[in-house]
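K.L.:
Predicted structure and sequence below. I'll ask about it afterward.
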Amino acid sequence: MQVNRVKAILVGGLLLSTIGCGAILGDQGVFRDSSQDYKKAVETPSVILPAGTESVPLRDIYVIPEIDDKFLSQGDFEVPKPVPLSAGNGTEVVRLQKLGDDSWALISLAPGQVWPQVRNFMAASGMQIVRADARAGVMESNWLTVEGQPLASRFQFRMEQGVQRETSELHVLQMQQTGTVTAWPAKSDDPDQASEMLRAIAQFLADSADSAPVSMIAEQGIAASGKISMQEAPNGYTFLRLELPFNRAWASLGRALEKSSFEITDRDRSNGTYYIRFLEGGAEDEDGWWGDFWDSADDETLFDEVLVVFLKALPTGTTMTITIQPQDVSVPFGKRKAQELLSLIKGNIN
């Protein structure tokens, strides 16, 4: 029996050597390599549902997000230098922002984390949720009797993607019960009530940020890629694309320049222009981080050079472009230098 078993093994080995490995591991083999099969995949037609049914349950569970930064440098690729630590150096989880009559909470959490926390706040405050649309980022309360107020009020909480990735903005809108109410007003009927509610929910979010769960529906519905990106025009110049109206973009850009170690020497709001100079104090250690950041074979430091930052609106009116160049256009200004400066500004805009 042992001899027969040895003969069987030898015969099997001879058959394998005769057939060759291709019959087992090749493209037509039993154990072929299928790692590249995805390249041959084809898109199938969408499922046609019967009349009267909804397609909401058929949405993709794991949606592949669009690339938020469409910037792709032309020419030879060069590894960019890291942005200095001053960019986006805020440590507060929740900050209250105000511009004119508008106020909102800026939260250092993704929209999918803010959504369940707002729901928890409403439950803890005794408010009933009469409408919740996670994909739109809107949650509305029932009518409430506010102490000391003759009229009942209700509140709308609206969550939006922040300017930077993994940040959110929370807006509160208040409405008073006067006669037949059919639609939410453009602005709160009582701004003081809205501000008080905003402060209350901001404090709640700050206290519970460490234990924030995630709502995948809200995360998918509310864009999570941020409202700012670096891009390159067909003619080669680099610019920032900012999804904000002019008034807020102008104010945000001014604060970002100051936080980015620039001194604003002059400004022209009507033309969307800032005149800036890099502060020498931002590079006290020439051999350290800042020294490495500005050290380049074809670039010099900018301590004595006046730069001009342009903020212009695209035809949509709610999308801005930000470009930078020297005041003296006869002075060479390399593309690499523009990219580094815009990256520094980009990290500080909110």
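P.N.:
Happy to help now that I have it.
K.L.:
in the chain, which segments are predicted with low confidence?
P.N.:
Low-confidence segments of the chain (pLDDT under 70): 1-31, 54-91, 211-225, 280-304.
K.L.:
Show the residue spans covered by the helices in it.
P.N.:
Applying DSSP state H to the chain gives helices spanning 2-19, 22-25, 111-124, 191-207, 216-221, 246-259, 289-294, 335-346.
K.L.:
What are the boundaries of the strands in the protein?
P.N.:
94-99, 102-107, 129-133, 138-141, 153-161, 168-176, 228-232, 238-242, 262-268, 273-278, 306-313, 320-326 (DSSP state E).
K.L.:
export those to TSV and tack on distance to S195 and mean neighbour count?
P.N.:
From N, CA and C alone the C-beta is placed, and that goes for glycine too. Shown next, in TSV, are the strands of the chain (distance: least, CB to CB, whole Å; neighbours: other CB atoms under 10 Å):
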stretch	distance to S195	mean neighbour count
strand 94-99	9	14
strand 102-107	6	19
strand 129-133	22	13
strand 138-141	16	20
strand 153-161	12	21
strand 168-176	8	22
strand 228-232	27	19
strand 238-242	26	21
strand 262-268	29	14
strand 273-278	30	19
strand 306-313	29	18
strand 320-326	27	19
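K.L.:
Nearest to P50 among those strands would be which one?
P.N.:
strand 129-133 (25.4 Å; CB to CB).
K.L.:
which residues make contact with that closest one from outside it?
P.N.:
119, 122, 138-142, 154 (CB atoms under 8 Å, 6 or more residues apart in numbering).
K.L.:
so what's A313 bridging to?
P.N.:
M320 (DSSP bridges).
K.L.:
Quick check: the gap between it and A256.
P.N.:
In this view, A313 and A256 are 18 Å apart by CB to CB, to the nearest Å.
K.L.:
V93 too?
P.N.:
With CB to CB as the criterion, V93 and A256 are 20 Å apart.
K.L.:
And these two? Which one has more around it.
P.N.:
Counted by other CB atoms under 10 Å, V93 and A256 do not tie: A256 has more neighbours, with 23 against 17.
K.L.:
Touching, that one and L341? I think so.
P.N.:
No. Taking contacts as CB atoms under 8 Å, A256 lies outside contact range of L341: 11.5 Å.
K.L.:
Spit out the contact partners of A233.
P.N.:
F239.
K.L.:
and it, what are its phi and psi?
P.N.:
phi -70, psi 160 (degrees, to the nearest 10).
K.L.:
R158 against L173, yeah?
P.N.:
Yes. The criterion here is CB under 8 Å, and R158 meets it with L173 at 6.9 Å.
K.L.:
And the contacts of strand 129-133, which is closest to K227?
P.N.:
V138 (18.4 Å).
K.L.:
check contacts around that closest one.
P.N.:
131-132, 156-159.
K.L.:
Using a markdown table, lay out those together with distance to S35.
P.N.:
As requested, those are arranged in a markdown table below (distance: CB to CB, whole Å):
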| residue | distance to S35 |
| --- | --- |
| R131 | 47 |
| A132 | 43 |
| Q156 | 50 |
| F157 | 47 |
| R158 | 45 |
| M159 | 41 |
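K.L.:
Just flag the most distant two among these.
P.N.:
Those two in those that are separated most widely, counting by CB to CB, are R131 and M159, at 13.8 Å.
K.L.:
Between these two, which contacts overlap?
P.N.:
138-139.
K.L.:
okay, now the domains of the chain?
P.N.:
100-221, 228-346 (automatic domain parsing).
K.L.:
end-to-end on stretch 317-329?
P.N.:
28 Å (CA to CA, to the nearest Å).
K.L.:
Likewise for stretch 157-169?
P.N.:
10 Å.
K.L.:
Could you do stretch 165-184 as well?
P.N.:
Note: stretch 165-184 ends 29 Å apart using CA to CA.
K.L.:
so who does L341 touch?
P.N.:
So L341 contacts 307, 324 (CB under 8 Å, 6+ apart).
K.L.:
how far away is it from T323?
P.N.:
Distance from L341 to T323, by CB to CB: 10 Å.
K.L.:
for L144, same thing?
P.N.:
48 Å.
K.L.:
go on, P332?
P.N.:
Taking CB to CB, one finds P332 at 16 Å from T323.
K.L.:
go on, W143?
P.N.:
Counting by CB to CB, the gap from W143 to T323 is 49 Å.
K.L.:
And F155, by the same measure?
P.N.:
40 Å.
K.L.:
and if you look at V146?
P.N.:
48 Å.
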